[in-house]
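*Asks:* Model the following, please.
(chains A and B)
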Amino acid sequence: GAVVSQHPSRVICKSGTSVKIECRSLDFQATTMFWYRQFPKQSLMLMATSNEGSKATYEQGVEKDKFLINHASLTLSTLTVTSAHPEDSSFYICSARETTLRETQYFGPGTRLLVL
Amino acid sequence: QKEVEQNSGPLSVPEGAIASLNCTYSDRVSQSFFWYRQYSGKSPELIMSIYSNGDKEDGRFTAQLNKASQYVSLLIRDSQPSDSATYLCAVRSFGNEKLTFGTGTRLTIIP
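*Replies:* Now for the predicted structure:
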């Protein structure tokens, strides 16, 4: 149980295009999902917290107009990187928190984005 | 001041020995503690969770929590080369939905 999927696993795009990444909790409901970014050999950096049916909460320094987050259902959250630039190239990882007493976070497999 | 601290390593342990990973945290109202394993190029994978003082064992893994001293540790018995990875300690405080991660300890098991 507690499986989180992400799609796509890898994407290469041209500078200026937008990229949508999907995060799904496959066997549990997640009222809260989190989006992280990780650059090579660096720590996970939380970008935003996504709550079903409400606006995402962004961490300081993360541009909400550039990284659009939608959490339309209890099993799906999407991150859209708008007008991507080479500096947006990174490993994007979502996690979903199960809505039980323990509220453990489970991570998706990640999406590797390369902007040319 | 970092909220969750881990020795970045690298920590090298001979195969078959016990690997000991430590983590300290600063927020006294922390209530949930997690260890994640992250292989290079992959996303974190949950290894253990612990919520109350003492030890919690799961196979070769044992998590230890001491809230008075504000530390949590992970012991890996009979270390295998496949245990070579970065281990992330994560803490959640009461009323906070976010996890605070340490920077991770890179563990290498030497055959």
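
*Asks:* low-confidence ranges in the chain?
*Replies:* Picking chain A for this. Counting by pLDDT under 70, chain A shows low-confidence ranges at A:1, A:101-102.

*Asks:* that answer is for a different chain, and I need it for chain B
*Replies:* B:1-2.

*Asks:* try it again with 90
*Replies:* In the prediction, chain B carries residues with pLDDT under 90 at positions B:1-3, B:7-9, B:27-31, B:93-98.

*Asks:* Please, where are all the strands along the chain?
*Replies:* All of this is about chain A. A:4-7, A:10-13, A:19-25, A:32-38, A:45-51, A:57-58, A:67-73, A:76-81, A:90-97, A:105-107, A:111-115 (DSSP state E).

*Asks:* Can you look at chain B instead?
*Replies:* So, for chain B - with DSSP E - the strands run B:4-6, B:11-14, B:19-25, B:30-38, B:45-50, B:54-58, B:61-66, B:71-76, B:85-93, B:100-101, B:105-110.

*Asks:* Please work out which of those is packed deepest.
*Replies:* Among those, strand B:85-93 has the highest mean neighbour count (mean count of other Cβ atoms under 10 Å in any protein chain shown), at a mean of 23. Just so you know, the C-beta spots here come from the backbone N, C-alpha and C atoms, and that holds for glycine as well.

*Asks:* near chain A at all, that one?
*Replies:* Yes: shown here: strand B:85-93 in contact with chain A (Cβ under 8 Å from any Cβ of the partner chain) through B:Leu88, B:Ala90, B:Arg92.

*Asks:* Stretch B:18-33 too?
*Replies:* Yes: with Cβ under 8 Å from any Cβ as the measure, stretch B:18-33 is seen reaching chain A through B:Ser32.

*Asks:* got the CA positions of that stretch in PDB?
*Replies:* What follows is the C-alpha trace of stretch B:18-33 in PDB, where atoms were taken according to Å, rounded to 0.1, in the frame of the first residue of the first chain:
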ATOM      1  CA  ILE B  18      26.200  -2.300  12.300                       C
ATOM      2  CA  ALA B  19      25.700   1.100  10.800                       C
ATOM      3  CA  SER B  20      24.600   3.800  13.200                       C
ATOM      4  CA  LEU B  21      23.000   7.000  11.900                       C
ATOM      5  CA  ASN B  22      22.200   9.900  14.200                       C
ATOM      6  CA  CYS B  23      19.900  12.900  14.000                       C
ATOM      7  CA  THR B  24      19.200  15.700  16.400                       C
ATOM      8  CA  TYR B  25      16.300  18.200  16.300                       C
ATOM      9  CA  SER B  26      15.700  21.500  17.900                       C
ATOM     10  CA  ASP B  27      11.900  21.800  18.200                       C
ATOM     11  CA  ARG B  28      10.800  20.300  21.500                       C
ATOM     12  CA  VAL B  29       7.200  19.800  20.400                       C
ATOM     13  CA  SER B  30       8.300  17.500  17.600                       C
ATOM     14  CA  GLN B  31       6.100  14.400  17.700                       C
ATOM     15  CA  SER B  32       6.700  12.300  14.600                       C
ATOM     16  CA  PHE B  33      10.000  11.100  13.300                       C
END
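
*Asks:* what are the bridge partners for residue 45, then?
*Replies:* Going with chain A. A:Arg37 (DSSP bridges).

*Asks:* wait, I meant chain B there
*Replies:* Those that pair with B:Glu45 in a beta bridge, by DSSP bridges, are B:Arg37.
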